[in-house]
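1. no sequence on hand, only this structure:
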């Protein structure tokens, strides 16, 4: 009963915003996707194809496996996918293969806004319902995307519960420091990430201040950072992507030019696994908590969920 009341309260909060999600999706339904294309579903889709890591992860949480026709290949890559071990061998993994999708004729195909536009056009010409999901970076917009997928596939309650679980997980596990430390992601090719990135959201939600957040970057939010600028910014924490298989962390820690950096002096260079760094689904809560604990509770041995 308590969980039901919490979910009802959450629904009320959603209805007070710019959109409202009811328990059941009423078909036919027409929705405008990220490509400004009107997609009409005449009935609940029971054969859904996913072609992005976001929709892979959300659909695995919302739908029975028999309703998913395939996931993207990258979702089985343990380096980049947090659900790699959860995908059964019987579930097909495919890229955006136009001929195969047309042959299988799923009820709905979910793709990312960076997906191949000509292939999307071919699928639509063939009568396939393709919904483009906007790539977003903020926690609020990630939650909205989860709810959007839930509405499309008539799993509103499950999507609401998924978002509520994210929020509860963060509320229960996040360490709130007396004073926030500063941080910067730094890659082996000498770049960082500004506010147009999920890593910025992970840093901020983990109770850190991204010192490069408002610097101008490319369309992917990448900002070139030289050693001189790194010394000027002088972050408390340096975050490096991946598990450091090439020894990049040790290179930073022992670089003679960087020994006056606070993060280097205090040996606070943290590796953030790619599977957490790259997530833009409900699993971003795990990434936030992982980084938060690495910084503010460095001896914590909690596992990634």
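-> Great, that's in hand. Because the structure is predicted, anything quoted here is derived from the model rather than measured.

2. quick one, domains of this protein?
-> 2-170, 174-296 (automatic domain parsing).

3. can you give me the helices in the protein?
-> For the chain, applying DSSP state H gives helices covering 2-15, 53-62, 98-104, 117-125, 139-152, 156-173, 198-205, 227-233, 248-253, 262-265, 274-277, 284-296.

4. worst mean pLDDT among those helices?
-> Lowest mean pLDDT of the helices of the chain: helix 2-15, a mean of 46.

5. give me every residue that touches the closest residue to residue 194 other than its chain neighbours.
-> Of all residues not flanking residue 194 in the chain, residue 217 sits nearest, at 4.5 Å (Cβ to Cβ, 6 or more residues apart in numbering). Just so you know, the C-beta spots here come from the backbone N, C-alpha and C atoms, and that holds for glycine as well. Taking Cβ atoms under 8 Å, 6 or more residues apart in numbering, we find residue 217 in contact with 193-194, 196, 223.

6. correct me, but residue 109 touches residue 131?
-> Yes: with contact defined as Cβ atoms under 8 Å, residue 109 and residue 131 form a contacting pair (7.2 Å).

7. those two: who's more crowded?
-> residue 109 (27 against 23; other Cβ atoms under 10 Å).

8. let me see the confidence value for that one.
-> pLDDT, residue 109: 98.

9. with residue 219 instead?
-> Reported pLDDT for residue 219: 75.

10. contacting residues around it?
-> residue 196 are the contacts of residue 219 under Cβ under 8 Å, 6+ apart.

11. 10 Å instead?
-> By Cβ atoms under 10 Å, 6 or more residues apart in numbering, residue 219 lies in contact with 114, 196.

12. can you give me the distance of it to residue 75?
-> 24 Å (Cβ to Cβ, to the nearest Å).

13. next one: residue 281
-> 11 Å.

14. so what pLDDT did residue 127 get?
-> 97.

15. assess the claim that it and residue 102 are in contact.
-> Yes: Residue 127 lies in contact with residue 102 (Cβ atoms under 10 Å); the separation is 8.6 Å.

16. of those two, which one has the most company?
-> More crowded of residue 127 and residue 102, by other Cβ under 10 Å: residue 102, with 15 against 8.

17. before we move on, the earlier item: of the helices of the chain, which is nearest residue 80?
-> helix 274-277 (5.0 Å; Cβ to Cβ).

18. please list all residues in contact with the residue of the chain positioned farthest from its centre.
-> Largest separation from the mean C-alpha position in the chain: residue 256, at 35.8 Å (Cα atoms, centre = their mean). Residue 256 sits next to no residue when contact means Cβ under 10 Å, 6+ apart.
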